[in-house]
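sequence and predicted model, in that order:
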Protein chains: 2
Amino acid sequence: MSPNQYDPFKAAFDSLEEFADLISHVLNCPITIEDANHRLLAYSTHDERTDPARISTIIGRRVPEKVINQLWKEGTIPALLKTREPIRVKNMNDIGLNHRVAISIWKQEEVLGFIWAIEIDKILTEEDFDLLKKAADAAKNKLLQLQTRKNKKEEHSQEFFWKLLTGHLKGEKEIFSNFQSLQISPSPSFAVAVFQFQQNITSKEEQNISYLLKTSQLMKIMLYTIDCNQLILLVSAANSDVPFQEFDQFIQTFVVKMSERYGVSGITPVYSSLYIDYQKIDKAYKETLSVLSIKEKFPHETKDIFTYQKLGIYQLFEVILEKRQAEEYENYSLKKLYEYDQKHNSNLIETLEVFLNKDHNINETAKALNVHANTLNYRLKRISEIGDVNFKDPNQKMILYLDLKLKRYQDI
Amino acid sequence: MSPNQYDPFKAAFDSLEEFADLISHVLNCPITIEDANHRLLAYSTHDERTDPARISTIIGRRVPEKVINQLWKEGTIPALLKTREPIRVKNMNDIGLNHRVAISIWKQEEVLGFIWAIEIDKILTEEDFDLLKKAADAAKNKLLQLQTRKNKKEEHSQEFFWKLLTGHLKGEKEIFSNFQSLQISPSPSFAVAVFQFQQNITSKEEQNISYLLKTSQLMKIMLYTIDCNQLILLVSAANSDVPFQEFDQFIQTFVVKMSERYGVSGITPVYSSLYIDYQKIDKAYKETLSVLSIKEKFPHETKDIFTYQKLGIYQLFEVILEKRQAEEYENYSLKKLYEYDQKHNSNLIETLEVFLNKDHNINETAKALNVHANTLNYRLKRISEIGDVNFKDPNQKMILYLDLKLKRYQDI
DNA sequence: ATTCCATTTGGGGATTTTCACAAACTGTTC
DNA sequence: GAACAGTTTGTGAAAATCCCCAAATGGAAT
């Protein structure tokens, strides 16, 4: 009979594990089955031959991130997402990967998961490839069942998350019982992170995001949802002394990967402070929205700031701006300096601003302005004369700095 | 006949000038008559003999301030305000004052003015003294007339000023016609000054204030009024480049004199920015009240600040405080440092505050804290580690400073 | 054209600041 | 009481900053 007609996978099977063993038996090599997010679904056990990457995958119940990264870079995963044919992966010793063959499991235009066959003793033939395609086809239905079950869970989790974000769920007990029913173990402290996209997030992007989040092992994402152009996450925070560093790394990685892998750029990431009390998720969420709003107003000044705590005085800009506008205040020193600049077309204001930005460091300021340090000193002397500014008074300097930044914003 | 019965001043006279000439004729010496505020009311002209002080008085239509100051210090004016007897003043060449005799003009318990007799050729005798007393008595009625006329004007001016302060008088024309009818020439720019007393101002103090203001030649006071414990002034500002200095000197002098001469201490002086538009007096007034309110909250920090412009960041404290309380924000760095201080009973917070107060000057801070400069450096290094503070970032430093001051205030 | 004023740049020395290291001290823990 | 981490102080040399002076530039006013 022709290979195309023979299909050993038509038989019914109860679990994916059983199915994995069946494939392993037919092809005579170790098999692992993953979902679309590289989470381990099943693996063959009849065979003891394996490689380090497979061991890590089985132990961690997911493919290690460095392996995923490597497979992305090297082109295997992109290929699997494109074609329904088996793909051969060469030996990659540096990440403990032997020769293997992979195939994606499709349902219409969507990839549901992957089957991996490791070529330990034998090299798979063309016929084996054909069998693999049949196996992938047979796996489809089983994976679909898993998917729908998960979707239901997902919907519940979405509702739960929004209740938390909007502060509609009070009472610690209620919150924790919800977590439990979702089989999520809430960490002792958390933060809310928001990634703001330039456009509304499409369902295609949603899949990519989901994939990225699930494969990221940097941070534990407890819950996530999408709201127009914002991706909102509930992230568990390690009890480390420097939680900020972890967060920074996580959001940077996410943004970079979204750009590199899917060509989505212009994402603004922010995250909240650390919280212990899960009843304060709404506060954390508001915090992130506030950061986004301020970053929109002062994009340049805050481009390296992703959290409320680090916003510094920009935390206060909205409220100060409001006050200033209400009282029609004008900073006397700045006014004088501005007038002087106009009259003599000098640039005392600019000099002052750079000087304050550079934390009163003469040398750096001079460098930034491309002038001699003595020139700068002279100008500063003039500024203190004309604007009646005492550079030794932190109080005066601060208000000057604030009013300068406010003016800059208002002038735009 | 006895000297007590003979009274050459019983005759009717039309003007004070005529009366001054009459006294001069009787006593055979130059005479000047002043009101209670040392404003020149009349002087004898039949006699050409005089001294420099009298010349200045006549030319300026008031006694020069340095002469007044001298007469206060030396005790003449205090004596005149106590007794109804003539007082002899010795030669004071440094201020151009010859020997002279003065007497106060009384109406019940209030001094209405003074008569001065200059002893150019002759020394006044006991009899002359007696005549002088009679002259003072005769002058009383004439001065009372002037007083009531002035009181009416005063009442109108009070009403006018309050309309301006409360913003109930709009329209430049209307304002200027009011000034004109009060015979006040408004200066091109002005400011509002407020002196806040510790207790409500008594009518006795009111007289003293009025006297001080009228004799002060440092500043031109266009209008003034009293509101409970506040003395409110409309002051004309010179077009000088450094108007602040003048104001500062004026308010200091006023406060010092109120204390020295009348024993009234604890006066808080403030003044507004310079304004050109007389329709904005209400804004200027509000500004002064705002400064007073902030000075009440941060008396120590603002003890050398008397104007809104110089308040620096304290301008913003009320609004920031409000915001912070609304958002339940806590500065992460400060929290960490505070916890560290508690645990190790160190004083990182204090160190940080002094350091920021001293404008990042290591030496001054070390001196203020009574520690070695290296100790300070070590502490700062620890602060930046524990609190995750980057001292090179002005933004971070500012918010730290602000939150520190806010905390200080809230802790009280 | 000349003068005047404000500005820029350079040099060089006095002064301060910075930094690394050593030593001593303190309070805590085992 | 020994060990230890954390803190304070001292020393000295390298680095930087500050400050004064002089010279050059350039624009505006006379």
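Yep, that arrived.

okay, CA-based contacts and neighbour counts for the rest of this
OK.

all helices of the stretch 51-200 of chain A, in order?
Counting by DSSP state H, counting those that start in this stretch, the stretch 51-200 of chain A has helices at residues A:52-60, A:65-74, A:76-80, A:126-165, A:172-181.

how many neighbours does residue A:144 have?
15 (other C-alpha atoms under 10 Å in any protein chain shown).

quick check: the closest residue to it other than its chain neighbours vs residue A:205, distance?
The shortest distance from residue A:144 to any non-neighbouring residue, by C-alpha to C-alpha, 6 or more residues apart in numbering or on different chains, is to residue A:112 (7.6 Å). Distance from residue A:112 to residue A:205, counting by C-alpha to C-alpha, to the nearest Å: 16 Å.

which of those two has more residues huddled nearby?
residue A:112 (22 against 14).

where does chain A have low pLDDT?
Applying pLDDT under 70 to chain A flags the ranges A:1-6, A:11-12, A:47, A:238-243.

show me which residues of it sit near DNA strand C.
Within chain A, the positions adjacent to DNA strand C are A:344, A:346, A:371-372, A:374-376, A:378-379, A:382 by C-alpha under 7 Å from any atom of the strand.

next step: those restricted to helices.
A:344, A:374-376, A:378-379, A:382 (DSSP state H).

now those residues in JSON lines, with neighbour count?
Converted to JSON lines, these look like this (neighbours: other C-alpha atoms under 10 Å in any protein chain shown):
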{"residue": "A:344", "neighbour count": "8"}
{"residue": "A:374", "neighbour count": "12"}
{"residue": "A:375", "neighbour count": "11"}
{"residue": "A:376", "neighbour count": "22"}
{"residue": "A:378", "neighbour count": "11"}
{"residue": "A:379", "neighbour count": "17"}
{"residue": "A:382", "neighbour count": "15"}
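
closest one of those residues to residue A:21?
residue A:376 (77.3 Å; C-alpha to C-alpha).

am I right that that closest one is in contact with residue A:366?
Yes. Applying C-alpha atoms under 8 Å, one finds residue A:376 in contact with residue A:366, separated by 6.1 Å.

so which of the helices of the stretch 51-200 of chain A gets nearest residue B:265?
helix A:126-165 (57.1 Å).

packing partners for the closest one?
helix A:16-27, strand A:100-107, strand A:110-118, strand A:220-227, helix A:281-297 (3 or more C-alpha pairs under 8 Å, 6 or more residues apart in numbering or on different chains; DSSP states H and E).

can we see that at 6 Å?
For helix A:126-165, the elements it packs on are helix A:281-297, judged by 3 or more C-alpha pairs under 6 Å, 6 or more residues apart in numbering or on different chains; DSSP states H and E.

quick one: buried residues of the helix it packs on?
For helix A:281-297, a neighbour-count test (16 or more other C-alpha atoms under 10 Å in any protein chain shown) marks A:281-292, A:294-295 as buried.

same deal with stretch A:207-225?
Neighbour-count burial for stretch A:207-225, counted by 16+ other C-alpha under 10 Å, picks out A:208-210, A:212-216, A:219-225.

also stretch A:383-390?
Neighbour-count burial for stretch A:383-390 flags A:383, A:386-389 (criterion: 16+ other C-alpha under 10 Å).

related to what we said a few turns ago, list the contacts for the residue nearest to residue A:144?
By C-alpha atoms under 6 Å, 6 or more residues apart in numbering or on different chains, the contact list for residue A:112 reads A:35-36, A:105-106.

buried subset of these, written for ChimeraX?
In ChimeraX, a selection of the buried entries from the contacts of residue A:112 looks like this (16+ other C-alpha under 10 Å):
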select /A:35,36,105,106
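
so which of the contacts of residue A:112 comes closest to DNA strand C?
Taking C-alpha to the nearest atom of the strand as the measure, DNA strand C lies nearest residue A:35 of the contacts of residue A:112, at 47.9 Å.

ok, the spatially closest residue to the closest one that is not a sequence neighbour to chain B distance?
Excluding the flanking residues, the one nearest residue A:35 by C-alpha to C-alpha, 6+ apart is residue A:113, at 3.9 Å. Using C-alpha to the nearest C-alpha, to the nearest Å, residue A:113 is found at 44 Å from chain B.

report the beta-bridge partners for residue A:113.
residue A:35, residue A:105 (DSSP bridges).

residues of chain A that sit close to DNA strand D?
By the rule C-alpha under 7 Å from any atom of the strand, the part of chain A lying against DNA strand D is A:361-363, A:374.

just the buried ones from those?
A:362-363.

in helices, which of the residues of chain A next to DNA strand D appear?
Using DSSP H, the subset of these located in helices is A:362-363, A:374.

report how many residues lie close to residue A:380.
19.

chain neighbours aside, what residue packs nearest to it?
Closest to residue A:380 by C-alpha to C-alpha, 6+ apart is residue A:352, at 7.5 Å.

just confirm the one you found is within a strand.
No. Assigned with DSSP: H, G, I helix; E, B strand; the rest coil, residue A:352 falls outside any strand and is helix.

contacting residues for residue A:201?
residue A:229.

which SS state does it fall under?
Quick answer, by three-state DSSP: residue A:201 is coil.

look up phi and psi at it.
Main-chain torsions, residue A:201, degrees, to the nearest 10: phi -80, psi 120.

touching, residue A:88 and residue A:98? I think so.
No. Contact criterion C-alpha atoms under 6 Å: residue A:88 and residue A:98 do not qualify, at 10.8 Å.

ranges for the strands of the stretch 201-350 of chain A?
A:220-227, A:230-236, A:268-271 (DSSP state E, counting those that start in this stretch).

distance to residue B:67 for those - can I get that in TSV?
Output for the strands of the stretch 201-350 of chain A, formatted as TSV (distance: least, C-alpha to C-alpha, whole Å):
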stretch	distance to residue B:67
strand A:220-227	80
strand A:230-236	77
strand A:268-271	70
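
look up how far DNA strand D lies from residue A:51.
Plainly put, residue A:51 is 42 Å away from DNA strand D if you go by C-alpha to the nearest atom of the strand, to the nearest Å.

number of nearby residues for that residue?
17.

likewise residue A:397?
Using other C-alpha under 10 Å, residue A:397 has 20 other residues around it.

and it, backbone torsions?
Dihedral angles for residue A:397 - degrees, to the nearest 10 - are phi -60, psi -40.

what is the neighbour count of residue A:251?
Other residues near residue A:251 come to 22 when the count uses other C-alpha under 10 Å.

how far away is the closest residue to it other than its chain neighbours from residue A:226?
Nearest residue to residue A:251 in three dimensions, chain neighbours excluded: residue A:269, at 6.3 Å (C-alpha to C-alpha, 6+ apart). Residue A:269 sits 14 Å away from residue A:226, going by C-alpha to C-alpha.
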